[in-house]
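K.L.:
I need the structure of the sequence given here:
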Amino acid sequence: MKTINAAVNGGADMVILCDTNGGILPHEVQNIMMEVMPSISLPVGIHVHNDGGLALANSLVAVRNGATIVQGTINGYGERCGNVDLISVIGNLQLKMGYQCLPEENLRHLTELSRFVSDVANVPPHNQRPFTGESAFAHKAGVHVSAIQKNPSAYEHMDPERVGNRRRVLVSDLSGKSNIEFKTREMDIRLGGNGYDSKRIVNEIKLLEDKGYQFEAAEGSLELLIKKVTGQFKEPFFLESFRVTTEKDQTGPSSSQATIKISVGDEEEITAAEGDGPVNALDNALRKALNSFFPQISEMKLVDFKVRVIEGTDGTGAKVRVNIESMDAQEVWSTVGVSENIIEAS
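P.N.:
Residues are numbered from 1 along each chain as shown. So this is what the prediction gives:
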């Protein structure tokens, strides 16, 4: 209290209580607030770190006991384990506790804001981030999907659209009929008219997942799979063959070249290209081959590229899973490939 009184007597405009090492507990915050609030008339705020995983809880307790300022960061970025995530603070204070933090229409920009800050900070978005993460309102088990279609509050604590997020239904080996029907409606794909049903699609997904595929984070591949199983997909082009070489001498950097042959209808195209590595060379050659047929491909950009060994007992000969996230001016989509050859999987 001596430090606080000195600040007040020195003309401070506000008092911010700081837990800079991140170790305080919620009941301790409450005791401190009960001691400080009756003693001063200035606005009081809270500044906490998340070293104990309690930054959000501590901030909410402080507000309940009179704090009117919460210092933090978007997505909780900060020293060590981070600061309190202001998006979670706003979400809980306004949507759960009745405090006015933002105009209601501005709440719908929270998900966009979270992802923008992730992009600027060059930190991949955390899918499990409360309120704004890709998985915050995601459902996989068939019984869950069936339930949310009848009563969303059974497995969703709020309407995701209030913070600009959306409900996602995932498809995996845990999926049931409800998952497939939900996804096909979302993708505007017809079911039932061609002899295939949801069970057939689920069985095909389970078969591929046994081979290492995962469709939870590859909705682009999932849409293609469903269309192929139901006979609603028309191949835009066919890959006839490709060849990739990489060279390295003692002095210079490595270089990669790729040649590729495709067919579009009755036309064939053979192209070659160089790149910064074999995947980039093949990508450049494919784009070059397709550009005259599909000029919109020039708008496609790579967002993320991930490689994971599925099972490592075969060493460098092990099967790998490649997840690719791409985007154009309108949307972002993800695809997956599996092979013992990383180039083929890509």
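
K.L.:
Can you tell me the element Gln128 falls in?
P.N.:
For Gln128, there is no enclosing helix or strand under DSSP states H and E.

K.L.:
For the closest residue to Ser292 other than its chain neighbours, which three-state class applies?
P.N.:
Spatial nearest neighbour of Ser292, excluding adjacent residues (C-beta to C-beta, 6 or more residues apart in numbering): Glu269 at 7.3 Å. Every C-beta, even on glycine, is put in place using the N, C-alpha and C of the backbone. Taking DSSP: H, G, I helix; E, B strand; the rest coil as the rule, one finds Glu269 in the strand state.

K.L.:
Asn21 now?
P.N.:
Here Asn21 is coil, with the state taken from three-state DSSP.

K.L.:
Next one: it from His47, what distance?
P.N.:
Using C-beta to C-beta, to the nearest Å, we find Asn21 at a distance of 12 Å from His47.

K.L.:
Which one's more surrounded, the two?
P.N.:
Set side by side, Asn21 and His47 show more neighbours around His47, with 19 against 12, by other C-beta atoms under 10 Å.

K.L.:
and the residue nearest to Ser292, what does it touch?
P.N.:
Glu269 makes contact with Lys261, Ile262, Ser263, Ala289, Leu290, Ser292, Phe293, according to C-beta atoms under 8 Å, 6 or more residues apart in numbering.

K.L.:
Just the buried ones from these?
P.N.:
Buried members of the contacts of Glu269, scored by 16 or more other C-beta atoms under 10 Å, are Lys261, Ile262, Ala289, Leu290.

K.L.:
Skipping adjacent residues, who's closest to the last one in space?
P.N.:
Pointing back at Leu290 there. Ile297 (5.3 Å).

K.L.:
Kindly indicate whether that neighbour is helix, strand or coil.
P.N.:
Secondary structure for Ile297, judged by three-state DSSP, is helix.

K.L.:
can you map out the helices along the stretch 151-300 of the chain?
P.N.:
Per DSSP state H, counting those that start in this stretch, the stretch 151-300 of the chain carries helices over the ranges 177-186, 198-210, 219-229, 278-290.

K.L.:
circling back to that earlier point, from the contacts of Glu269, which one has the minimum pLDDT?
P.N.:
Least confident by pLDDT among the contacts of Glu269: that is Ser292, with 89.

K.L.:
ok, and the helix or strand in this protein with the lowest average confidence?
P.N.:
Ranked by mean pLDDT, DSSP states H and E, the weakest helix or strand in the chain is helix 177-186, scoring a mean of 79.

K.L.:
can you give me the offset of that helix from its chain's centre?
P.N.:
Centre-to-centre, helix 177-186 and its host chain are 21 Å apart (C-alpha atoms, centre = their mean, to the nearest Å).

K.L.:
now swap in stretch 49-64 and tell me
P.N.:
In terms of C-alpha atoms, centre = their mean, the centre of stretch 49-64 is set 25 Å apart from its chain centre.

K.L.:
Contacts for it, please.
P.N.:
Counting by C-beta under 8 Å, 6+ apart, residues outside stretch 49-64 touching it are 17, 19-26, 29-30, 33, 44-46, 48, 67, 70, 72, 76, 78-85, 88-89, 92-93, 97, 99.

K.L.:
Buried among those? Need that as a selection in ChimeraX.
P.N.:
Buried residues within the contacts of stretch 49-64, by 16+ other C-beta under 10 Å, are selected in ChimeraX with:
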select :17,19,22,24,26,29,33,44,45,46,48,67,70,72,76,78,82,83,84,85,88,89,92,93
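
K.L.:
is it true that Ala67 touches Gly45?
P.N.:
Yes. Using C-beta atoms under 8 Å, Ala67 is in contact with Gly45, at 5.6 Å.

K.L.:
Give the residues shared as contacts by the two.
P.N.:
Common neighbours of Ala67 and Gly45 (C-beta under 8 Å, 6+ apart) are Leu17.

K.L.:
pLDDT weak spots in the stretch 101-250 of the chain?
P.N.:
173-176, 192-196 (pLDDT under 70).

K.L.:
rerun at 80
P.N.:
Low-confidence segments of the stretch 101-250 of the chain (pLDDT under 80): 140-142, 146, 170-179, 181, 186, 190-199, 217.
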